[in-house]
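Trainee: This is a predicted model, with the sequence first.
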Amino acid sequence: MKRLTCEMCGSTDLIKDGGVFVCQSCGTKYSVEEAKKMMIEGTVEVAGTVKVDNTDKIENYLHMAKSALDSTNNKEAEEYCNRIIEMDVDNYKAWLYKGEAAGWQSTLANLRLDETVNCFEKAIENAPIEEVNTVARQSYHTLNHLILAVKKLKLDNVSKFPDKKGWQEYLQLNISMILKPISIIQALNKRIHAYNEGKPEQEQMKVAELQDTTALQAEENEFRASIKIWNEAYDEYSKDDDGHPSDYALERMMAKGAVAYQMMDGIALRKGRYPVEQLQLSKRACKEAITMHTTYRGLQSYKMEFSSVEKYYKSSKSLTSQSQQWHTDKIRELEEKSAALDKEIEQKQAEEAKKYWDAHPEEKAKLEQEKNTLIEECTPLRQHIAQLSQEVTQKKEEIEALKNQKKSLGLFKGKEKAALQAQIDALEETLAQMEQKKEEEANQINAQLAPKEKRIQKINETLASPEK
């Protein structure tokens, strides 16, 4: 008799449990009859068609694949998915998990995102129609995060070794990634269109809207990389030879600095309609790019010369007048873009706020009522402080008038001057008491006003830009 061996994983650790034999390694179950056939020596001839029910095996492998994915054991997850696909080539979950597992094994030398796209397309093609939108959303979300990770990987490489070649490779990588998410959208549209064909409108399924949530993060990564490249390059340049950079230091600064400002220009000067957060990042990028171009325009190197008395430094190389003019024009372009962004951000925030408050009128009314109540509470407090200030001012004016009157008296008006000085002294004493009272009461009132005014400011900010 042969030893009982699992056909799926080759394990010999099978235990009888509840009338069936269960493989302790992979969970595959065998009936008593199947186990007997497995124990017979030699070849067993089976007439007719034999259908093997692999449902339990597949479910077990799916569970192990998902667990492996969650633990970032991507190679293991892919292997489990391959086993499932060998048994059931139309299993959409296996294709979905396989696509993610393959993608996360990508390196710059071996990008596997084309495999990912192919797997996701098969997942959408084979998913139950009621699940197809969900599968497409998950595929689109995962693919965009994979693209973000791959771009970050290349960006880190450019940051470490900033040169023209690396920057061009990064740009080419970005271009190559554009069409991949579109493939998911096309696969979803194709599946839904095929399902809807010939059906009345009320029975047709709508295509889910797929949204990329990684665009802002990708640009923030580029923003930080640009700052890092520039700061490190300029620090090296400015410290060379005690602040007198050599020709070589200038060349290195120009090469690395060009990568930095081109990266920043791309964020600052992009065209199109974008969410407020990306517009605000572009605004920040304009400011940084202007600083970079301004500094770059004035870069120069030095040569050491010697006189009969001492050594000194003489200017060696700098940008040509044509190059300097190019940077001047770029600065002007960035300043104009920054001003345009201010208007666009304000308009976009107003549009988004109106859209939100139109959908939440009760929330808006509640905030406005709270704001009005706070204003009513603050008004008499502010008025009291203003009244105290006015009284102090009037007292000062009264004292000043007496001082002027005293100055106008002649040399022989000593008695009148003494009388006026007495009044002045009395009033100044009163003024000191009034100022002390004003300060004490103002401190108490401001302590009451502070939280109210802070809340009013927060309400105004929320009304202008509601928190989603």
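Mentor: Nice, I can see it.

Trainee: From the contact counts, what lies against the helix or strand containing Trp326?
Mentor: Using DSSP states H and E, Trp326 sits in helix 321-359. On a contact count with 3 or more C-beta pairs under 8 Å, 6 or more residues apart in numbering; DSSP states H and E, helix 321-359 meets helix 247-268, helix 276-297, helix 414-464. In short, each C-beta sits where N, CA and C put it, glycine included.

Trainee: Only the buried residues of that helix, if you could.
Mentor: Of all the residues in helix 321-359, those buried under the rule 16 or more other C-beta atoms under 10 Å are 327, 330-331, 333-334, 337-338, 341, 344-345, 348-349, 352-353, 356-357.

Trainee: do the same with stretch 106-126
Mentor: Those would be 106, 111-113, 115-126, for stretch 106-126 by 16+ other C-beta under 10 Å.

Trainee: Alpha carbons only: can I get it in PDB?
Mentor: Extracted in PDB, the C-alpha atoms of stretch 106-126 (Å, rounded to 0.1, in the frame of the first residue of the first chain):
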ATOM      1  CA  SER A 106       8.100  45.500  -8.200                       C
ATOM      2  CA  THR A 107      11.600  47.000  -8.200                       C
ATOM      3  CA  LEU A 108      13.100  49.700 -10.500                       C
ATOM      4  CA  ALA A 109      14.900  46.900 -12.400                       C
ATOM      5  CA  ASN A 110      11.700  44.700 -12.600                       C
ATOM      6  CA  LEU A 111       8.500  46.600 -12.700                       C
ATOM      7  CA  ARG A 112       5.500  44.300 -12.600                       C
ATOM      8  CA  LEU A 113       2.700  46.800 -13.000                       C
ATOM      9  CA  ASP A 114       1.800  45.500 -16.400                       C
ATOM     10  CA  GLU A 115       1.100  42.100 -14.800                       C
ATOM     11  CA  THR A 116      -0.900  43.900 -12.100                       C
ATOM     12  CA  VAL A 117      -3.100  45.600 -14.700                       C
ATOM     13  CA  ASN A 118      -3.600  42.300 -16.600                       C
ATOM     14  CA  CYS A 119      -4.700  40.500 -13.400                       C
ATOM     15  CA  PHE A 120      -7.000  43.400 -12.400                       C
ATOM     16  CA  GLU A 121      -8.600  43.300 -15.800                       C
ATOM     17  CA  LYS A 122      -9.300  39.600 -15.400                       C
ATOM     18  CA  ALA A 123     -10.700  40.200 -11.900                       C
ATOM     19  CA  ILE A 124     -13.200  42.700 -13.400                       C
ATOM     20  CA  GLU A 125     -14.000  40.400 -16.300                       C
ATOM     21  CA  ASN A 126     -14.800  37.500 -14.000                       C
END
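
Trainee: for the record, mean pLDDT for that stretch?
Mentor: For stretch 106-126, mean pLDDT is 96.

Trainee: what comes into contact with it?
Mentor: 90-93, 95-96, 98-100, 102-103, 105, 132, 135-136, 139, 142-143, 146-147, 149-150, 153-154, 157, 177, 180, 183-184, 187-188, 191 (C-beta atoms under 8 Å, 6 or more residues apart in numbering).

Trainee: can you list the domains in the chain?
Mentor: The chain breaks down by automatic domain parsing into domains covering 53-206, 217-359, 363-464.

Trainee: Serialize these to CSV and add fields for distance to Ile15.
Mentor: Shown next, in CSV, are the domains of the chain (distance: least, C-beta to C-beta, whole Å):
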stretch, distance to Ile15
domain 53-206, 15
domain 217-359, 49
domain 363-464, 61
